[in-house]
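Novice: give me a 3D structure for the following:
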Amino acid sequence: MLPSQDLVLRNAGIITLDDARPRASALAIRDGVITAVGDDDAALAAAPNARVIDLDGACVIPGFNDTHAHMEREGLKQQRPSLAGVRSIADILDRIRAAAARTPPGAWIVTMPVGTPPFFFDGPQSLAEGRLPNRSELDAAAPNHPVYIQGVFGNWGKPPGHSALNSRALALNGLDETSAPRCAGVEILKDADGRLNGIIIERNNRPTVEFDILPAVPRFGFAERLDGVRLSQQLYNAKGTTSIYEGHGSAAETISVYRHLWERNELTVRAGLVVSPSWSDLTEARRIMRDWLSTARGAGLGDRWLRVSGLHIAYGGDPTVACCARAHLPDTGWSGFVEQAVSPADFREACFLAAEFDLRLHTIVGDQLHEIVPLLEAVNARYPLKQRRWVIEHIARARDADITALARLGVLVTTIPTYYLWKGGRRYLDEADGGSHIVPHRRLLDAGIPLALATDNIPYDPFFTLWAACARQERTTATVIGADQRLDPATALRLFTVAGAALTFDEDWKGALRPGFAADLAVLSDDPTAVAVDALKDLSCLLTVVGGRIVHEA
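Specialist: Alright, predicted model coming up:
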């Protein structure tokens with residue numbers, strides 16, 4: 001990682017998001033910290049020996065803080081051969097043959113899904129034949145290799161996912177005509193004569209097929225995950241992201257990857273992680289919270305580059321899926337977290353345990369906020385939650401009474417506008433109130449709830465998420481969901497930059513561009529507060545600085 005530089009950025013349009021000085025034309029950086037914000041003369045005087053960069057009027061903002069980033073997975077996508085651009089089975093077989101030519105005989109060939117990345121919405125429908133190649137066609141292309149074309153990871157796009165395997169791959173996984181998945185939502189297809197044709201259809205959002213019936217498919221090991229995060233950092237930095245927060249939780253293996261990079265001074269994105277536990281029952285949960293998670297209590301343990309605080313506990317989930325997934329640990333597939341299945345009763349008890357041992361709770365609520373709020377209120381009666389900074393994530397539908405309760409409890413909230421409004425908004429097109437209570441940003445802000453935005457890695461582009469929060473358009477119809485909840489770009493920008501610092505107890509030194517704060521910033525192709533909403537998703541990042549280090553330069 002490059003050392004911190006003394007820098008002066010001048011001739012710029014700086015959006016500081018500091019109420020004391022909202023706009024400026026220059027700033028100075030020394031030892032990774034902003035030392036002056038104002039005009040050119042003030043900045044030059046504060047760092048007389050600094051490298052001076054004339055930005056020719058470009059817009060400067062605080063770096064994006066992606067508060068539900070899943071940064072651990074983006075770089076993994078480039079470790080497997082891409083099928084992007086294929087239009088027929090013949091095209092796929094050409095790529096399989098090419099992969100076979102450079103792969104030792106007997107070694108696996110595992111590709112990314114069919115469809116147009118990053119979402120793969122079109123899947124096999126993008127092919128002339130409307131289907132994936134079958135086992136016989138794959139056998140002909142790679143007779144000496146097991147071949148697996150993976151199905152789409154539903155968090156990127158939409159189920160169903162379609163996988164394809166050749167005969168070697170089927171045999172190595174022990175699949176035959178008598179095989180049956182343990183997990184619901186998985187279908188192993190057969191020909192008219194009852195023989196497996198190599199195609200598997202998965203209708204679950206997060207695929208279970210590899211954990212359930214494909215144990216022989218190669219997994220991402222520690223080395224692959226390490227290289228994946230290294231690449232992910234570059235990609236996130238190139239979008240102006242300087243901090244992430246992984247509220248969905250990180251498995252032990254994922255935390256180890258970040259620890260490895262932190263020890264070697266290789267982090268270029270400040271990372272706040274949350275523990276994703278792998279306990280099997282409440283007895284084990286109590287023991288682990290009491291005896292093993294002391295470092296994650298309260299604000300957690302770490303420094304300004306890596307901090308681990310709190311834990312994620314799921315509400316709901318499929319016990320069979322969780323059991324299958326845990327059997328494959330430390331591998332977590334694409335998720336990076338441990339799959340959980342927690343009943344409402346167990347969730348309630350886990351909440352009380354978390355409060356007892358001062359472990360911040362993070363949970364995803366979707367349309368179930370009304371079920372979770374009473375549980376939080378019960379915990380609050382015994383262990384007051386204010387100042388604990390518990391986090392509610394992935395809010396979809398929220399009633400006014402529940403929003404009022406969250407404000408009273410002092411709970412923090414993160415939202416994923418791309419997930420529920422754009423990608424999955426179709427289910428909310430017929431709301432009686434027009435969608436005013438779906439991802440209700442304005443209602444949350446009006447209630448005084450600390451709120452931050454995130455990408456959820458679908459995609460990892462913060463400009464697309466800014467657009468989704470302001471436009472609130474559903475993907476297939478462009479229908480606006482909850483027009484009265486649209487954010488203006490200035491507010492959305494604040495929620496996507498400075499607001500996230502509170503999640504890691506860092507609001508006193510990180511976020512706004514002000515003297516004494518970390519020099520974490522992005523230089524953009526245009527001012528997001530001055531362009532039309534539809535232009536937000538077309539913005540780009542020209543320069544990214546983290547801790548005074550230039551980590552991306554277009």
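Novice: how about low-confidence regions in the protein?
Specialist: 1-2 (pLDDT under 70).
Novice: now for the helix ranked longest in the chain, which elements pack on it?
Specialist: Identified as the longest helix of the chain according to DSSP state H is helix 222-237. For helix 222-237, the elements it packs on are helix 71-74, helix 252-263, strand 549-553, judged by 3 or more CB pairs under 8 Å, 6 or more residues apart in numbering; DSSP states H and E. Heads up, the C-betas are built off the backbone N, CA and C, glycines and all.
Novice: could I get the full set of helices for the stretch 401-550 of the chain?
Specialist: In chain order, the stretch 401-550 of the chain shows helices spanning 417, 441-446, 462-471, 489-496, with DSSP state H, counting those that start in this stretch as the criterion.
Novice: please identify the most buried of the ones you listed.
Specialist: For these, the largest average neighbour count (mean count of other CB atoms under 10 Å) is found in helix 417, namely a mean of 30.
Novice: list of residues touching that helix?
Specialist: Taking CB atoms under 8 Å, 6 or more residues apart in numbering as the criterion, the residues outside helix 417 that touch it are 439, 441, 453, 465, 468-469, 472.
Novice: bridging residues for Ile392?
Specialist: When bridges are taken as DSSP bridges, the partners of Ile392 come out as Thr363, Val413.
Novice: and it, what is it in contact with?
Specialist: Contacts here follow CB under 8 Å, 6+ apart; on that basis Ile392 touches 363, 365, 369, 372, 406, 411-414.
Novice: pick the one among those closest to Glu507.
Specialist: Compare each of the contacts of Ile392 with Glu507 using CB to CB and the shortest gap goes to Leu412, at 11.3 Å.
Novice: which residues touch the closest one?
Specialist: For Leu412, the contacting residues are 389-392, 449-452, 502-503, by CB under 8 Å, 6+ apart.
Novice: change it to 6 Å
Specialist: Taking CB atoms under 6 Å, 6 or more residues apart in numbering as the criterion, Leu412 is in contact with 389, 391, 450.
Novice: I'd say Val338 and Val274 touch.
Specialist: No - Val338 sits out of contact with Val274 when judged by CB atoms under 6 Å, with a separation of 11.6 Å.
Novice: list the contacts of Thr497.
Specialist: With CB under 6 Å, 6+ apart as the criterion, the residues that contact Thr497 are 62, 64-65.
Novice: just the buried members of those?
Specialist: When neighbours are counted using 16 or more other CB atoms under 10 Å, the contacts of Thr497 contain these buried positions: 62, 64-65.
Novice: quick check: the residue nearest to Val523 when sequence neighbours are not counted vs Glu137, distance?
Specialist: Closest residue to Val523 in three dimensions, ignoring its sequence neighbours and counting by CB to CB, 6 or more residues apart in numbering: Leu543, at 3.9 Å. For Leu543, the distance to Glu137 equals 48 Å [CB to CB, to the nearest Å].
Novice: go on, Pro440?
Specialist: If you go by CB to CB, the gap between Pro440 and Glu137 works out to 49 Å.
Novice: now Leu76
Specialist: In terms of CB to CB, Leu76 sits 27 Å off from Glu137.
Novice: over to Ala355?
Specialist: Shown here: Ala355 relative to Glu137, a distance of 56 Å by CB to CB.
Novice: so what's the residue located most distally from the centre of the chain up against?
Specialist: Most distant residue from the mean C-alpha position of the chain: Asp193, 43.3 Å away (CA atoms, centre = their mean). Shown here is Asp193, which makes no contacts under the criterion CB under 6 Å, 6+ apart.
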